[in-house]
Each structure stands twice: as C-alpha cells, then as structure tokens.
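**Q** Generate a structure from the sequence data that follows.
(one chain, ligands or ions: 1)
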Amino acid sequence: MRVTGAEAVRLTPHESVREREIEVEQLHLDQVYRRLEEKIDEAEFLMHDAAQRGQVGTPGALAERDAQVFRAGIHLNRLNNEFEDFLFGRIDLLPGKDGEKGPDGAYTSVEPADDAIRADHTADIAESLHIGRIGVLDSDYAPLVIDWRAPAAAPFYRSTPVDPGRVVRRRVIRSKGRRVLGVEDDLLRPELTAALDGAPLAVIGDGALMAALGQARSHTMRDIVSSIQAEQDLVIRAPAASVTEVSGGPGTGKTAVALHRAAYLLYQDRRRYAGGILIVSPTPLLVAYTEGVLPSLGEEGQVAIRAIGSLVDGADATVYDEPAVARVKGSARMSKVLRKAARGALEQAAGAPAGTGATRGARKRPAAQAGQLTGQLAFGDDDPAVQGPGSGMGMGAGSGADDDVPVGAVRTDRLRVVAFGRRLELEADELDRIRRTALGGTAPVNLLRPRARRLLLDALWARSGAAARADSYTATGDAELAAELRSGFDDDVTSEDAFQEFLDAWWPELTPRGVLAAMADERRLSRWSRRVLNQGETRRLARSLKRLGADGSGPLSVHDVALLDELETVLGAPPRPRKRREADPLDQLTGLEELMPRREETQRERAERLAAERTEYAHVIVDEAQDLTPMQWRMVGRRGRHATWTVVGDPAQSSWSDPDEAAQARDEALGTRPRRRFTLTVNYRNPAEIAELAARVLALAMPGARSPRAVRSTGVRPVFRVVEGGGRGGEGARGTAGGRGPEGGRGPDGGRGTDGRAAGTGRGRARGRRSGQGPAGGPAESPAEGLAEAVRAEAGRLLEQVDGTVGVVVAMNRRAQAARWLSGLGDRVVALGSLEAKGLEYDATVVVSPAEIADESPAGLRVLYVALTRATQALTVIAADRDEPDAHGVPDLLRD
Ligand SMILES: Nc1ncnc2c1ncn2[C@@H]1O[C@H](COP(=O)(O)OP(=O)(O)OP(=O)(O)O)[C@@H](O)[C@H]1O
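**A** Residues are numbered from 1 along each chain as shown. Here you go, the predicted model:
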C-alpha cells in the first residue's frame, strides 16, 4: 500500500512505520511475482518449443528434452498454484564468520563474524533473506525467496533470543494473493542497535504465533510454515536415517510436524523418496482434515496419506468394533489364529476338518458340501474363502455315480485319473497325508499348491507300473530315458481335465476375506483358536465376523483390515499383473503427454493409486502411533521393511489397552534401527483454561504424566451443564437441560450461576421451539427435551460465540443419535464419536457425558483426555446422571 501525504498525516508515528514496512515488503513481493511471471513464460516457451520439435533427434537428446520439459511442467504447475502467503518470512542477518555462499545464493555461516558487533552494541545488517514456499532466484542467481526447507531458512525457525546466531530480526509477513497485509517482528538481539542500509532497523508488533493460534479453525488443517517453533523445527529437519520418534501431549504440533517433515524430506532428497512416503493416520476424518497441508507446501506427488483402516488395497473400513472385540482382533495372538485358520480353511475346503479324523470325514463328505456340515459356510463354489473357479461343477475326476455325491460335483475325497492307459486312484487317507505334507512348514498356503500338485503326481507315479520301469532304466544307467518316461507320465495326468478340476477343488485358492468370513463359524474358529484365545474371546470374535456375511463382502471394521493384511501374507498373494513402477518422475517420463493438461488428480485419488501400486515405501510416518494395535503394527511394518521412519504419538492419548504388547509389536516393526527421540513440550491448541481441566483427567488416566505447557490463555473457562436423566438412553431420556437452577453452570468468567441457565434457554432451544421441532425432528415436547436438547442448545450457543467450527464429542454408541440432534445447525458443527476425535480440533467443543466416554473401554480415561483437548477456544462439558455432577454441574471425574 502506498501511503499518500494526506494519509501519512493522519497516521500515528507507529502506524506510519508499520505502513512503510508493509510497503517495503510489497515492493519485494512485486519483484518476486515479476520474476515468477518470467519463469512461467520461460517454462511455457520450453514446452511449446519441445512440442514443435516432435520426436526428432537421437534417443539421448530426446530423453534430455523430455526431462527438461517435464521439469518445466512441474515448475509451471507449482508456480500457477495460487498460494496464499507465498512469501511469509524474512530474516535480517549479521555478517557471517566466512564469506561462503550455499546453492541457494545465501551465505551459509550460522555464527556472526567476530567483528559483526561493535563495542558500542551497534551493528549493520549484512543480508536480508525472504523465506517462502518455494525458492526463487533473480536473473543474476541472487536469492529473491529461499525455500523454507533450505538450510539457509533454518535460522528463521531455530533462532531464539538465547541463541540468535546471525539473526537480528525475524519477520512474519502476512499476504493474500499478491497483496501484503501485515508484518510482525521478533527482535532476537534486543540489546543491539542495528542499522539496515544506514537506517535503524524497524520492529513491528509482536505475536505472529499468537495471531496464528487465535485464528478460527475450519474443517481443514492449515500449514504452520510461517510459525514453526524451534523445538518443532529440530524434528522436521532431523536427518532421515533410522527412526525419528516424537512424543508430545495434545496440541504440541505432532501432526503438523509430521506433515512438514514429509515435505522437508522430499525437498532434501527427492530421488530417494521417489520410493514414496506413507503417512498413516488413525481415521479417515483426520486424513480429510490434514490432506490439504502438503499441497499447500507445494508437495503432493510422492506422499500417500492413508487411514489405518484403508491401508489394504480395496479395503475401506467403516465400522468400529466394540472395545472387547477390538482387543481380541488387535492382539498379536491373532497372528497365530490366522495362521491356523488359513490352513484350516484349506482343509475345510477339501472336506477334512482338522483333528476330526480326516479320512473318515472325507469319505463321508462330498467335497462341494463339506463346509455345509458345520452349518455355516458352503466351502466349494460359494465358499467365501475360495477364489476363482475353485471346485467348479463339472465332470471331474472324482465324479461318479456312487456314494452321495451330487451329479456333476467334484469329489475331493479321492482322485481318479487314467494315465498310460491305466486307471489310478488315490484314496482319502493318501490325499490327507499328501495335504499334510504339503502344508508342513510356514510357507503361504496359496503358494503351496504347486508343491501339493507335485506330491499328487509323485503318489500317482508310485502307483503306476511305470515307476518300476523307470527304476530299471535308471539302474541300467539310462537316467535320461527314466526322466522322459516320468515327464510323459506327468503330461498325461495333468492334461486331463479331471486332474485339474480335482486340484482346483482340493487345493483352491483362498482369499483373505473368505478366510475371515469362514472364521465367523464359532465351532470352527474354536478349533483354530485353541490354546490362543479363551472361549469368550472366540465367541466375540466369531460373532463380530458374521458382519462380513457368508461371502465375506460385508462391511469391514478398522481392526479387520489388519487381519486381512496378515492373511494376505499367510495365504500368499495370488500373482497379479505387474503394474508400472512408481519411481522418480524423470525415470518414468515417456514424452509430452505427461505435460498435457489433464484432469487434476486429487490428493486422495493419487494416494489411492500410489497405494495400489506400492507395497513398500521409502519413508513411513505414523501419526497417533500410540493407538496402533500389535496387529496394526505388523501391517504397517510390512510397508516399511526397508524404510526410514518417523513415529509420532502420545502414550497418554492411547486407546489401546495393553501398551506393553503394542510396544513389543512396535519394536518388531521398527527393528534394530537406531532411534532419535524428541519431545514436544508446548501446547499450541488449547488455552490454559481448557488444558488445566484436561490435566485433571490426565492425572487419573496416567498418574505422573506431565501435561504440555499451554502457550496462551483466553480467560474463557470451560462451561459445565447438567442433564438429569441424560445418561439413561439419551434421546429417550427426559430431563431438564441446565436444570439445576441458577447455579446450574459455571460461567465463562469462572463465576457460577447464570451461564448454565443462559445456555439452557439459549438460542438453540429457542430455535427448536420456534420451529415447533425438537432436536431430533420430533415435536418440542418429545423426550428429546433431555440430553438432545441440551447438546443442541449448547452447540447453537457456541456457534454464535466462535467464527469457526464446533465439535460435539459423544460416546461411540451415540454417534448417529448425536448427528440427528444437530441436524439443521449447519456445517460448522459436527458430531463425532470419542475415537473419531483423534487428532482433530475445533474452535469450540461440547463433550457429552464424560463418564460414558470413560466407561466405554479400559482405555476410556485416555480417550476422554483426547476428547477434552480438542478445543482452541471454548469447551462445554454436558454431564448426565452417570457423571455424578455436583451442584455446579462439574462431573465427578473432573472435580479437583
Ligand atoms: N508452530 C506453530 N505455529 C502455529 N500453529 C501451530 C504451531 N504448532 C502447532 N500449531 C497448531 O496447533 C494445533 C495442534 O497441532 P497438531 O494437531 O499438530 O498437534 P498434535 O500434537 O498432533 O495434537 P494431538 O496429539 O492432540 O493430535 C494445530 O492447529 C496446529 O496448526
């Protein structure tokens, strides 16, 4: 903004300095954009020119041209992306110890020269660097903007008044599009009188960080690139070798740091990370919340952000298991059960249940019906565990008119073939022995089929007279003839449809979903889980897996996905057509089509594609690592066998009940790689008032654990409200919202008396009355008067109070109910179950019935701790009877 003379008169001296400094930055930004436009023109010219030249030249020249065009295209794409605050920072530096410049054109020295500061505490600024989302050089290769990830930008984040290095002033520049809106400075050497181009160094405002933290939250996370703090920067730029472990309480920026680290690693070594970076997130909600951050940092290509329930290709878990079931499915013991189930499913398919006298069973049972004997699943054509034609109907080897085999069914209790003009037969005993021999060891079941086939042929060969003949050839030294005879025999047998059909039925290809569905039969499962799970666990597991249906295609739970992945390993993936390798973009370059305008792939689509193409990654980042079950660690571990890792988490927020078992699985996944540990200590999300309340729950959940230090205080204390009867079934319960009379709530100022009432009779409630509708859509006098009305009223009040989002956190089994309570309040408010709240944040939250959340699972107190730490500005706790609230509405759990 240009300050005219008339305006300047009206400005206070302070304001005029601010305006002048904004103007200085505006001039620089204009210069940057001019340069960017030149670069865009260059890139466009290059692309056009290359297209004109077509496919002429030597292969080497063409490859070089393609590479150039490709680079230009990527650059163009980035430049064309309309970045908010493209340029966001500046540092003014003292002269350095040496005069060496780095590749970005900036001096590399971190420490000031010995004579940088004069005896009278004055100094001159030797260099000013602007920091932005990508680096820009001017036509003389002098830096106009330094990429935030470049080494020269590190002092912007790292310098502190205690250890300022060369930095005298750090400036955060706020801009929108091409317009600079404001600047905020930190003076890192306040004792110094510094001059820039002969004029005193101006210092404007303070609290760029505070301004960022106070901003309203939306449904997507913002990057923190302009205000990364020193302890966070250490993690982001930590060397990638081995394992980087980051712990820190709620709101300390673990997720933000993890995302920025992915962008940093790509910047540092793009070729190495062309192998892909996987970010594992606990929920699809958190994926949706965070997936915009990387594109805003100019990175989206090589990073796949996946929810733990979507890590297996094609699986998209929509269901949460009850805690007792989740405990069983998540336990490392499941790997044993699954191994047995995979082998058991195969035996079942062939009609010989393990341990029940397979021969007898097999004799009595026609193969296609064998599974039906246990009452649940038909192993055979409709067998969910079986893929492909399997035991297809047809005139198979074993089909015959005898016994009780339906016409056309393939028998698996005997094999009959004709070879070398002789009828050969293997009986059930022999087949059973062969199967057991083939299954010996730990190799994947589906991959053992060739071995089983070979054993069958050996057995048939042994019964054929040809074997004796071959032996005599061998004895007379004609081994070649013996081998020919054998190979002719094998050809003869295997060319018969009968043999192939038998094999398909007797050793079908099993699918993970099919085996999982097969485990829904409790009797069968108890055989497979013997001495591993107890009866209750087996029952719960079988019951839960019924959801998958007989064909295994039903909805998956989050914990089922790790089981599927394990089964994929145990069964062995059937060979798939090879897909194109995702590698360095330059390696894959095929020509101009890479650059032609196409529909932009979304981050999610790209993630899907990458995940489908990759089974392993070069770097794995695990967010909310404390929540991974042992089975999930095994699943994630398989994706990073050769990777470096960044693992971020907070044990105090863990919803897993057996931390020791999880720690062991984590150690196995991370192997013996050396670890670097970091701790983040400052809570940037919650104001101190909310953090204090959460700390009370932390003291119960994890005695002795330390809360992070809240960086700001708003003076707005949590509000408590009471619903009588609200704990008894929610919607159906009657009660009085805020019905404890004048003392029913504790006001935002910490005072008691009016707020509970005000909320109870507030806007949300009035709206309900006006429309003649209760929160659940029924008449106002309906039972929704209770908890539903209180929640709705409070959400309505908070929507008035904040500009951004409101989250209503309820126990998992109330999710659907709560969504109905809030219907019509708009999309700034959302209802979520306690486990879904992981990692998310809202301007304001309503936590409904803490006791209910805490009682949900053995880790309930830690889950409640998560729920209470989601708000950036305001928190309301609605207590029901079960919370045993005191006269002020404070639940028993949350009292001092
Ligand atoms: N340096 C920073 N500058 C500005 N905002 C920050 C900074 N660090 C963190 N934040 C903000 O603080 C909030 C919490 O960050 P984040 O979600 O990454 O924390 P977390 O440690 O993952 O929390 P939780 O454990 O509760 O999931 C976010 O809004 C984030 O943008």
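**Q** low-confidence ranges in the stretch 301-450 of the chain?
**A** For the stretch 301-450 of the chain, applying pLDDT under 70 flags the ranges 301, 350-409.
**Q** By proximity to the ligand, which residue of it wins?
**A** Here the stretch 301-450 of the chain gets closest to the ligand at one residue, residue 305, 13.8 Å apart by CB to the nearest ligand atom. (C-beta placed from N, C-alpha, C; glycine too.)
**Q** hey, what's that residue bridged with?
**A** Counting by DSSP bridges, residue 305 is bridged to residue 279.
**Q** What separation is there between it and residue 225?
**A** From residue 305 over to residue 225 the distance is 18 Å, taken as CB to CB, to the nearest Å.
**Q** Among those two, which residue is more densely surrounded?
**A** Between residue 305 and residue 225, residue 305 has the larger neighbour count (other CB atoms under 10 Å), namely 28 against 25.
**Q** Go ahead and confirm the more buried one touches residue 292.
**A** No. Residue 305 is not in contact with residue 292 according to CB atoms under 8 Å; the separation is 10.2 Å.
**Q** Spell out which parts of this protein neighbour the ligand.
**A** 209, 212-213, 222, 224, 227-229, 232, 248, 250-256, 650, 653, 684-685, 839, 841, 869 (CB under 6 Å from any ligand atom).
**Q** Can you select the buried ones from the residues you listed in PyMOL?
**A** Here is the PyMOL selection string for the buried members of those, based on 16 or more other CB atoms under 10 Å:
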select buried, resi 209+212+213+224+227+228+229+232+248+250+251+252+253+254+255+256+650+653+684+685+839+841+869
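**Q** in stretch 450-460, what's buried?
**A** Buried residues in stretch 450-460, counted by 16+ other CB under 10 Å: 451, 452, 453, 455, 456, 457, 459, 460.
**Q** Quick check: of those residues, which lies closest to residue 541?
**A** Set against residue 541, the nearest of the buried residues of stretch 450-460 by CB to CB is residue 452 (29.1 Å).
**Q** The closest one - that's part of a helix, no?
**A** Yes. Checked against DSSP: H, G, I helix; E, B strand; the rest coil, residue 452 lies within a helix.
**Q** residues touching it, list them.
**A** By CB atoms under 8 Å, 6 or more residues apart in numbering, residue 452 lies in contact with 434, 435, 438, 503, 506, 507.
**Q** Closest approach to the ligand from the stretch 51-200 of the chain, which residue is it?
**A** For the stretch 51-200 of the chain, CB to the nearest ligand atom, closest residue to the ligand: residue 157, 8.7 Å.
**Q** if we can go back for a sec, top of the contacts of residue 452 by neighbour count?
**A** Using other CB under 10 Å as the neighbour criterion, residue 506 leads those with 29 neighbours.
**Q** List the contacts of the residue of the stretch 51-200 of the chain closest to the ligand.
**A** Applying CB under 8 Å, 6+ apart to residue 157 gives the contacts 228, 229, 230, 232, 233, 236.
**Q** what's the answer for residue 554, then?
**A** Per CB under 8 Å, 6+ apart, neighbours of residue 554: 517, 547, 548.
**Q** Which parts of the stretch 351-500 of the chain are strands?
**A** For the stretch 351-500 of the chain, the strands defined by DSSP state E, counting those that start in this stretch occupy 386-387, 415-419, 422-426.
**Q** Out of those strands, the one nearest residue 701 is which?
**A** Comparison of the strands of the stretch 351-500 of the chain against residue 701 by CB to CB identifies strand 386-387 as nearest, at 45.3 Å.
**Q** which stretch of helix or strand covers residue 672?
**A** Assigned by DSSP states H and E, residue 672 belongs to no helix or strand.
**Q** For it, give me the pLDDT.
**A** Turning to residue 672, the model gives it a pLDDT of 87.
**Q** Kindly report the same for the one 5 residues further on.
**A** Predicted confidence (pLDDT) at residue 677: the value is 95.
**Q** a helix runs through it, doesn't it?
**A** No. Counting by three-state DSSP, residue 677 falls outside a helix, being strand.
**Q** ok, for it, nearest residue in space, not its chain neighbours?
**A** Leaving aside its chain neighbours, residue 677 sits nearest to residue 245 (4.9 Å; criterion: CB to CB, 6 or more residues apart in numbering).
**Q** cool, residue 124 as well?
**A** residue 195 (5.4 Å).
**Q** tally of neighbours for residue 879?
**A** Around residue 879 there are 31 other residues, counting by other CB under 10 Å.
**Q** Repeat that for residue 823.
**A** Using other CB under 10 Å, residue 823 has 13 other residues around it.
**Q** Tell me the spacing between it and the ligand.
**A** 27 Å (CB to the nearest ligand atom, to the nearest Å).
**Q** I'd like to know the predicted local confidence at that residue, please.
**A** On the pLDDT scale, residue 823 gets 91.
**Q** For it, which three-state class applies?
**A** Classification of residue 823 using three-state DSSP returns coil.
**Q** do the same with residue 145
**A** At residue 145 the chain is in strand, as set by three-state DSSP.
**Q** Quick check: phi and psi at residue 87.
**A** Phi and psi for residue 87, reported as degrees, to the nearest 10, are phi -110, psi 120.
**Q** Report the contact partners of it.
**A** Per CB under 8 Å, 6+ apart, neighbours of residue 87: 25, 28, 29, 32, 130, 131, 132, 145, 173, 175.
**Q** So which residues of the stretch 101-250 of the chain form strands?
**A** Remark: strands assigned in the stretch 101-250 of the chain by DSSP E, counting those that start in this stretch are 122-124, 127-132, 136-137, 143-147, 167-176, 179-187, 193-196, 199-200, 243-248.
**Q** Columns mean pLDDT on top of those, output as JSON lines?
**A** Listed next are these as JSON lines, based on pLDDT from 0 to 100:
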{"stretch": "strand 122-124", "mean pLDDT": "92"}
{"stretch": "strand 127-132", "mean pLDDT": "92"}
{"stretch": "strand 136-137", "mean pLDDT": "85"}
{"stretch": "strand 143-147", "mean pLDDT": "90"}
{"stretch": "strand 167-176", "mean pLDDT": "88"}
{"stretch": "strand 179-187", "mean pLDDT": "87"}
{"stretch": "strand 193-196", "mean pLDDT": "89"}
{"stretch": "strand 199-200", "mean pLDDT": "86"}
{"stretch": "strand 243-248", "mean pLDDT": "96"}
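**Q** Just give me the neighbour total for whichever residue of the stretch 401-550 of the chain sits closest to the ligand.
**A** Scanning the stretch 401-550 of the chain for the residue nearest the ligand gives residue 544, at 28.0 Å (criterion: CB to the nearest ligand atom). The number of residues packed near residue 544 is 22, by other CB under 10 Å.
**Q** Brilliant, that's me finished.
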